[in-house]
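K.L.:
Give me coordinates for this.
(one chain, ligands or ions: 1)
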Amino acid sequence: MSSTISTPTDHPIWDPAECLPHDEIITLQVQRLRGLVERVIRVPFYARTLGALGSRGDDIRSLDDLRRLPLTTKEDLRQNHPLGFLAVPRKEVARIHGSSGTTGKPTFVAYTAADLETWSGLVARLLVAGGLRPEHTVQVAFGYGLFTGGFGLHYGIERVGATIVPAASGNTRRQIDLIQDLETEVLVCTPSYALTIADAVQEMGLNPRALPLQYAHLGGEPWTEDMRREIESSLGVQAFNNYGLSEIIGPGVSGECHCRTGMHLAEDHFIVECLDPDTLEPVADGEPGELVITTLTKQAMPLIRYRTRDIARLDRSPCACGRTMARMGRVAGRSDDMLIVRGVNVFPSQIEEALLHIEQVAPHYLIEVDRPGTLDEVTVKVELRPEAFSDHMDEMQHLRARIVKEVQTVAGIRTHIELMEPQSLERFIGKAKRVIDRRPL
Ligand code: DLL
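P.N.:
Model prediction:
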């Protein structure tokens, strides 16, 4: 690990930049922002939008100037499909990935060789922050392909110098065989795939404590603290959250350190604003808002003020790990995944939180939204743990009433709860799909 620095607590830090004093981060951000505005002039979209504002880059003096710059949306990327946002000649593109396309047609994202180097360094940061060491064996159970998860994590692990098992997602029993045969200590996948693997471990009658696994680095979709506890106990690991999105770079935007009190953002590479999604005014630190990200160092496809649609909180308080980079809290959900049920805003993650407060409930559920007449109806199919499922109708009625009440308390909506037999709901190998909204648009 050539570039790590040691801390007194024996929690190494991959890149000294992670501990830059705050004022130096700001100075670096302003300087890089100026360079960015100069570079993106080659992108017709920015030539137009920045031209209309009369901004050329040399007029950027402080971070306040960022607020004058245009926002970029997923729709802007779509309108410039496939590679209209390229800021370098096409021959300089080293790789192309695509967003998972959960909310429509995939959008392509391009990387130069320098971008790939930056990317692997950013992923190495979060992996080391979450316990990865060169002597570990790491199984990557993310899809390899256009999705940024597989290759993104792969090259970060390689950069740290650990042993990679590029298992890719799927074939869950084989994943477990690999973990046992190759003595995998670190699992890398989505939280829902970690659960699927945990389920299979149980089905195979294996003791999770006897598995070599120690850590799991999970990301790519929203999950809750209760889900973390579930994964940790069912796989015998310490689980770390990491966040990113293809448009910005992929995984590597932020990740948890050993304190696990939020994900440190790579602020030397990204400026992250937290805005009220309606007024687009900044929210106070600690308040939920939409993350809007500016890429400071990306070469092939830099973006200015990209609206992620992800709702999270920023925390700028000091962290015991020594990193100075601000942290983001868990993503509550995407503003476009937020359900509006009879006028109440609900994130699926709030329903998950309520469900997992109840010990009889397994971490598998499906939310169905309908509008049979004029009013919205929400049904939540909830799988029970094997020991909780019973033929005693009154017991089941009582449990159902408890779940209805808990969901109402946490998420603020009244739902119809359907109790499901163990193993009856779909399991996922990538990102989970837990909402079916059948309401007419
Ligand atoms: O999911 C990149 C990634 C891969 C991140 C692997 C971490 C690990 P996309 O497919 O473009 O990229 O999806 C990005 O997924 O805008 C969030 O809504 C969601 N997301 C990603 N990580 C988290 C997380 C990758 N840790 C979209 N918590 C983002 C909550 C997450 N949501």
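
K.L.:
How about the residues of the stretch 1-150 of the chain by the ligand?
P.N.:
Counting by C-beta under 6 Å from any ligand atom, the stretch 1-150 of the chain comes close to the ligand at 99-100, 147-149. No exception for glycine: its C-beta is placed from N, CA and C like everyone else's.

K.L.:
Any chance of CSV for these, columns neighbour count, secondary structure and pLDDT?
P.N.:
Shown next, in CSV, are these (neighbours: other C-beta atoms under 10 Å; DSSP: H, G, I helix; E, B strand; the rest coil; pLDDT from 0 to 100):
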residue, neighbour count, secondary structure, pLDDT
99, 21, coil, 84
100, 19, coil, 62
147, 22, coil, 95
148, 28, helix, 97
149, 28, helix, 97
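
K.L.:
Quick check: beta-bridge partners of residue 216?
P.N.:
In this entry, residue 216 is beta-bridged to residue 187, residue 239, by DSSP bridges.

K.L.:
I'd say residue 437 and residue 339 touch.
P.N.:
Yes - using C-beta atoms under 8 Å, residue 437 is in contact with residue 339, at 6.9 Å.

K.L.:
so what sits against both of the two?
P.N.:
Each of residue 369 lies in contact with both residue 437 and residue 339 under the rule C-beta atoms under 8 Å, 6 or more residues apart in numbering.

K.L.:
who's more crowded, these two?
P.N.:
More neighbours surround residue 339 than the other of residue 437 and residue 339, with 21 against 15 (other C-beta atoms under 10 Å).

K.L.:
so what's that one up against?
P.N.:
Counted by C-beta under 8 Å, 6+ apart, residue 339 has contacts 345-348, 367, 369, 378, 435, 437.

K.L.:
Filter those residues down to just the buried residues.
P.N.:
Taking 16 or more other C-beta atoms under 10 Å as the criterion, what is buried in those is 346-348, 367, 369, 378, 435.

K.L.:
Can you lay out the residues you listed as CSV showing distance to residue 33?
P.N.:
What follows is the buried ones among the contacts of residue 339, written out as CSV (distance: C-beta to C-beta, whole Å):
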residue, distance to residue 33
346, 36
347, 32
348, 35
367, 40
369, 41
378, 43
435, 37
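
K.L.:
Now flag whichever of these is closest to residue 294.
P.N.:
Checking the buried ones among the contacts of residue 339 against residue 294 by C-beta to C-beta gives residue 347 as the nearest, at 25.3 Å.

K.L.:
Name the nearest residue to the closest one, sequence neighbours excluded.
P.N.:
Distance criterion C-beta to C-beta, 6 or more residues apart in numbering; nearest residue to residue 347, sequence neighbours excluded, is residue 333 at 3.7 Å.

K.L.:
The one you found pairs with what?
P.N.:
Beta-bridge partners of residue 333, counted by DSSP bridges, are residue 311.

K.L.:
and it, what does it touch?
P.N.:
Residue 333 makes contact with 222, 310-311, 347-349, according to C-beta under 8 Å, 6+ apart.

K.L.:
would you list those in a markdown table and tack on pLDDT and distance to the ligand?
P.N.:
Below are the contacts of residue 333 laid out as a markdown table (pLDDT from 0 to 100; distance: C-beta to the nearest ligand atom, whole Å):
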| residue | pLDDT | distance to the ligand |
| --- | --- | --- |
| 222 | 94 | 4 |
| 310 | 97 | 5 |
| 311 | 96 | 9 |
| 347 | 94 | 11 |
| 348 | 94 | 11 |
| 349 | 93 | 8 |
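
K.L.:
So, low pLDDT: which residues of the stretch 301-441 of the chain?
P.N.:
Of all residues in the stretch 301-441 of the chain, none has pLDDT under 70.

K.L.:
Which one of the residues in it is closest to the ligand?
P.N.:
Closest residue of the stretch 301-441 of the chain to the ligand, C-beta to the nearest ligand atom: residue 331 (3.5 Å).

K.L.:
Report pLDDT for the residue in the chain positioned nearest to the ligand.
P.N.:
At 2.9 Å from the ligand, residue 219 is the closest residue in the chain, using C-beta to the nearest ligand atom. Note on residue 219: pLDDT of 98.

K.L.:
how close does it get to residue 211?
P.N.:
Distance from residue 219 to residue 211, counting by C-beta to C-beta, to the nearest Å: 21 Å.

K.L.:
Just want to know which of those two has more residues nearby.
P.N.:
The neighbour comparison of residue 219 against residue 211 (other C-beta under 10 Å) goes to residue 219, with 28 against 20.

K.L.:
Skipping adjacent residues, who's closest to that one in space?
P.N.:
residue 242 is the one closest to residue 219 (C-beta to C-beta, 6+ apart), at 4.0 Å.

K.L.:
If anything else comes up later, I'll come back, but that's it for now.
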